[in-house]
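# build me a model:
(one chain, ligands or ions: 3)
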Amino acid sequence: MDPYLRVDDLRVSFSTTDGVVRAVDGVSFSVERGRTLGVVGESGSGKSVTSLAVLGLHDPRRATVTGEITLGGRQLVGRTEAELRRLRGQDMAMIFQDPLSALHPYYPVGRQVAEAYRVHHPRAGRAETRRRVVEMLDRVGIPQPERRYDQYPHEFSGGMRQRAMIAMALVNDPDLLIADEPTTALDVTVQAQILDLLADLQAEFGTAIVLITHDLGVVSQVADEVLVMYAGRAVEQGSVERVLRRPQHPYTWGLLSSVPSLHGDADADLNPIPGNPPSLIDVPAGCAFHPRCRYVGHTGGRCRTELPELRPAGTAGHRLACHLSGEERSRCYAEDVARVGVAQ
Ligand SMILES: Nc1ncnc2c1ncn2[C@@H]1O[C@H](COP(=O)(O)OP(=O)(O)OP(=O)(O)O)[C@@H](O)[C@H]1O
Ligand code: SF4
Ligand SMILES: [Mg+2]
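Numbers count the residues shown, from 1 in each chain. Ligands and ions are numbered 1, 2, ... in the order given. Below is the predicted model:
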């Protein structure tokens, strides 16, 4: 099956007074209908910038976007704003990291969802639109949707606002849904309900989903494929089965060792990766992860000078960008597991 979304060698940079921010630097991935890609990585790794580029939401005066983005066979990079607007909503939609950025404070919530519906159904009458919106509010678990329709965003709790934004994103049955940290701000129960809702909608409509999250537990529950980003690049990608259960990249090991509960050992110590991700104006030479990598000394200096290319890692579809040989990786991984008890 042809993937519904295909992204090839995506690059996004911003010119700022401090220099050029290379926020996304050659990322490729694809998502089929009915499948979910989880995108993970620490703060500032380029996850949101990647998703905004897919939707064509970067201001062309501030951002330079190159590469190929193909949605249902159509190339998106270089399209006019008017053309992209026609695709947004119906063909692709986004749940933003911050619900308040998507909801206008001065208008009732139902009216805002109705506006989103009318963009793609200009001939829909008032009654039909209201019916559709109430149905959507109900669908995303907003109680008393008729009454809630006329309330303002400040009258909604954080979880309810998140649901309203999901209703807005889904009101036109988009074929691709990008959800940027859709549950991070929510408590565990609401988080589980929202994830169930996305899974139900996906099963019903065959939606392709890109799920961006810090939470590897969520990824392991709902994603089929994973893309691990560091400093604007993909460092490891492949099926959930391979990347989370048999991770190959030292950065992925680090991420996994920060979430012991994923491996059923809630009492294990958390082992955060030492240091911080780099500024994307001044990315370290060689492997961008090298100042934080425990295994930098194993490659005779290559890590500090030579950028590791993303290449196949043994099994179909599993790729990684690291200079360690397969044998060294196995040894280092065993060492890592012994040290912090990650994986299996
Ligand atoms: N409009 C912009 N102008 C300049 N730099 C930007 C702009 N938008 C994002 N950046 C920079 O691009 C980098 C990647 O940002 P991005 O928002 O994609 O990170 P993220 O992975 O989504 O992080 P988080 O997990 O915190 O949401 C950051 O260094 C950020 O400061
Ligand atoms: S290339 Fe070197 S620094 Fe980068 S992850 Fe691999 S071992 Fe670590
Ligand atoms: Mg983000």
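
# quick check: phi and psi at the residue most central in space within the chain.
Nearest residue to the geometric centre of the chain (CA atoms, centre = their mean): residue 212, 2.2 Å. Main-chain torsions, residue 212, degrees, to the nearest 10: phi -100, psi 130.

# go ahead and confirm it touches residue 45.
No: with contact defined as CB atoms under 8 Å, residue 212 and residue 45 do not form a contacting pair (10.1 Å). For glycine as for every other residue, the C-beta is placed from the backbone atoms N, C-alpha and C.

# list the residues that contact the closest residue to ligand 2 within the stretch 101-250 of the chain.
Closest contact between the stretch 101-250 of the chain and ligand 2, by CB to the nearest ligand atom, is at residue 250 (4.2 Å). With contact taken as CB atoms under 8 Å, 6 or more residues apart in numbering, residue 250 is in contact with 289, 293, 294, 295, 322, 324, 332, 336.

# which of the residues you listed fall in helices?
332, 336 (DSSP state H).

# which ChimeraX command selects the buried ones in the contacts of residue 250?
Remark: buried members of the contacts of residue 250, expressed as a ChimeraX selection using 16 or more other CB atoms under 10 Å:
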select :289,293,295,322,324,332,336
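
# how about the contacts of residue 250 in TSV, adding pLDDT and distance to residue 53?
TSV is the format used below for the contacts of residue 250 (pLDDT from 0 to 100; distance: CB to CB, whole Å):
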residue	pLDDT	distance to residue 53
289	98	23
293	96	28
294	92	32
295	94	32
322	97	25
324	95	31
332	89	34
336	80	33
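
# now do the phi/psi pair for residue 308.
The phi/psi pair for residue 308 (degrees, to the nearest 10) reads phi -70, psi 130.

# so it is in contact with residue 325, correct?
No: using CB under 8 Å, residue 308 is not in contact with residue 325, being 11.7 Å away.

# more crowded one of these two?
residue 308 (21 against 11; other CB atoms under 10 Å).

# which pLDDT value goes with the more buried one?
According to the prediction, residue 308 has pLDDT 97.

# could you measure from the nearest residue to it once chain neighbours are set aside over to residue 50?
Once flanking residues are discounted, residue 308 sits nearest to residue 321: 4.4 Å by CB to CB, 6 or more residues apart in numbering. Residue 321 is 16 Å from residue 50, where distance means CB to CB, to the nearest Å.

# which of those two has more residues huddled nearby?
Between residue 321 and residue 50, counted using other CB under 10 Å, the more crowded position is residue 50 (26 against 23).
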